[in-house]
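Peer 1: Below is the sequence, then the predicted model.
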Amino acid sequence: MKKSWLISLVISSMIIIGVVISMNLPKILPYYAQLSQVRVGLDVDVQPLAQKSAHFVGSDSCKTCHEAEHHDWKSSLHSKMIQDIQKDPSAVIADFSTLPLDADFTLKEAVYSIGSKFKQRYMIPATINGSEDFRLGNYQWNAETHKWQNFKPYKYWYKDAYPADNKTFPTSNACDGCHFTGYMSTQKRVEPSISCESCHGPASQHVKDPQSPIFKASLSDPIRSNEVCLQCHMRNRDIRLTQKDTQVKDLWMSAKDYPLGYEAGLPLKQYKLPAPFTPNQESKEFWPNGAAKKNRTQGNEYVQDAMYQHGITCINCHNPHKLSNTAQKPEGNDACMKCHSMGSLIGPHQNTLEEHTMHKADSKGSQCIECHMPKTAKHTGKSPYTVRSHRFRFTYPSETKAYNMPPQTNACYSCHQDQSLENLQKDLLSWGRVGWDAFIFN
């Protein structure tokens with residue numbers, strides 16, 4: 001009887017202790033294994049050896065064994081980045097009946113569409129430099145304004161490497177590396193989409209023998225796993241510009257706007273030169289504080305953030321197959337609260353959401369992304385500000401003023417446009433929300 005009572009007491013105590021421990025453990029616990037991985041360095045090749053002799057086979061080869069993942073991917077926009085509009089005319093979102101008269105292409109000539117979420121461009125067959133290639137039309141459809149707008153694909157950082165004529169500007173050097181699976185490393189358009197092998201590497205050996213490994217970002221050094229996304233979601237320059245005395249003009253008709261030769265697992269550093277950013281200086285791509293002015297700069301911003309340094313990866317916030325938690329369909333505070341919780345070690349440190357935000361819990365001002373991911377960038381010059389920052393650092397009203405940034409790129413002003421930046425800054429001061437990081441702007 002006494003022994004039985006003692007056993008019951010021990011079991012009850014263990015249950016109580018377990019409950020107490022679980023209540024106090026931070027939510028980030030499931031990611032500890034990832035966060036604590038030893039960093040291998042940016043120059044180390046982490047691609048499985050078996051993939052070195054593999055070739056690209058296309059997503060249909062993955063479907064048999066990975067049906068659920070293939071289904072999710074097929075429904076995502078990655079699978080629709082490039083679409084054959086001659087096979088599927090419904091992929092066209094533009095109103096071609098309003099195409100301007102000075103357009104240098106017609107719908108009948110176009111073979112592929114690029115994009116559909118924010119804008120759509122059209123690829124037309126062309127012979128450039130003696131090779132069969134594609135060019136882009138001189139107009140693009142703005143899906144946000146529902147209007148055609150002029151488009152000059154040769155005007156970006158590589159403008160000194162190409163003639164000012166989109167008819168002689170090849171998509172093979174600017175677009176195809178990221179938009180066609182396999183093209184980045186083989187210069188062959190294996191599949192017109194961003195499919196499985198864009199993120200996992202060539203899979204012929206794995207398809208032949210499922211035990212033969214392929215690169216999996218979730219099992220890699222977190223800093224390196226992000227490179228799967230950074231290969232395209234980080235604005236760049238041609239890596240050859242790192243060579244002594246090499247200038248853009250020296251890359252005439254060959255400048256690449258993607259990391260030529262890269263495959264998942266290879267050291268991206270050896271293939272990609274990030275777009276330059278100098279703190280406190282504005283450029284065509286960045287505001288002086290490092291926030292993006294253009295789309296596709298998630299990586300340029302994120303590598304500045306503490307979460308990146310501590311090993312949080314892109315796929316911790318985004319399902320890589322479903323492409324969930326997007327700017328158009330954010331998951332709300334639930335996405336952040338997977339790791340953060342009120343009063344936790346990693347914050348927010350206040351006891352309630354309203355104490356942290358000084359806004360009602362069910363209001364826009366209490367949405368994490370509104371303050372930590374404000375809209376600072378556009379998809380085109382004529383688009384609204386819809387691209388959310390991935391710096392995750394709160395931008396003060398006084399900061400936007402000091403850097404001469406558009407006031408709407410500040411989280412406070414984006415809602416309270418009836419107030420001045422000075423008054424909004426005073427509110428933050430009265431709430432005790434201004435730290436030394438904003439001292440120089442006060």
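Peer 2: Thanks, I have it. Numbering: from 1, shown residues only.
Peer 1: Torsion angles phi and psi at Q309?
Peer 2: Phi and psi for Q309, reported as degrees, to the nearest 10, are phi -60, psi -30.
Peer 1: Count residues in the vicinity of it, would you?
Peer 2: Close neighbours of Q309, defined as other Cβ atoms under 10 Å, add up to 10. From N, CA and C alone the C-beta is placed, and that goes for glycine too.
Peer 1: Ok, the one 10 residues further on next?
Peer 2: Look at N319: counted by other Cβ under 10 Å, it has 12 neighbours.
Peer 1: how much space between it and D305?
Peer 2: N319 sits 20 Å away from D305, going by Cβ to Cβ, to the nearest Å.
Peer 1: How about S363?
Peer 2: Using Cβ to Cβ, one gets 25 Å for the distance from S363 to D305.
Peer 1: cool, G137 as well?
Peer 2: Here the criterion is Cβ to Cβ. By it, G137 lies 37 Å from D305.
Peer 1: how about low-confidence regions in this protein?
Peer 2: Judged against pLDDT under 70, the low-scoring parts of the chain cover residues 1-26, 439-442.
Peer 1: Would you mind giving the domain segments of it?
Peer 2: With automatic domain parsing as the criterion, the domains of the chain are listed as 82-192, 216-332.
Peer 1: Of the ones you listed, give the one that comes closest to E370.
Peer 2: Comparing the domains of the chain against E370 with Cβ to Cβ, the closest turns out to be domain 216-332 (9.9 Å).
Peer 1: Between S363 and D305, which is the more surrounded one?
Peer 2: For S363 versus D305, neighbours defined as other Cβ under 10 Å are more numerous around D305 (17 against 12).
Peer 1: My read is that the more buried one contacts H390, right?
Peer 2: Yes: taking contacts as Cβ atoms under 8 Å, D305 lies within contact range of H390: 7.2 Å.
Peer 1: Contacts only, for the closest residue to Y183 other than its chain neighbours.
Peer 2: In space, Y183 comes closest to D176 once its chain neighbours are excluded; the distance is 4.6 Å by Cβ to Cβ, 6 or more residues apart in numbering. When contacts are counted by Cβ atoms under 8 Å, 6 or more residues apart in numbering, D176 is found next to F134, Y183, R189.
Peer 1: Okay, the closest residue to K338 other than its chain neighbours and C336: tell me how far apart.
Peer 2: Nearest residue to K338, sequence neighbours excluded (Cβ to Cβ, 6+ apart): K27, at 6.3 Å. For K27, the distance to C336 under the criterion Cβ to Cβ works out to 10 Å.
Peer 1: which of those two has more neighbours?
Peer 2: When neighbours are counted by other Cβ under 10 Å, K27 and C336 differ, and C336 comes out ahead with 18 against 13.
Peer 1: Could you give the number of residues near the nearest residue to the more buried one once chain neighbours are set aside?
Peer 2: Take C336 and drop its neighbours on the chain: the residue closest to it by Cβ to Cβ, 6+ apart is C368, 4.4 Å away. The local packing of C368 (other Cβ under 10 Å) involves 20 other residues.
Peer 1: Could you list the residues in contact with stretch 357-373?
Peer 2: Where contact means Cβ under 8 Å, 6+ apart, the residues beyond stretch 357-373 that reach it are 330, 332-333, 335-336, 352-354, 388-390, 392-394, 411, 414-415, 427, 431, 433.
Peer 1: before we move on, the earlier item: want to try CSV for the domains of the chain, with distance to I346 as columns?
Peer 2: What follows is the domains of the chain, written out as CSV (distance: least, Cβ to Cβ, whole Å):
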stretch, distance to I346
domain 82-192, 32
domain 216-332, 9
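Peer 1: Quick check: which of these is nearest to V57?
Peer 2: Counting by Cβ to Cβ, V57 lies closest to domain 82-192 out of the domains of the chain; the figure is 8.0 Å.
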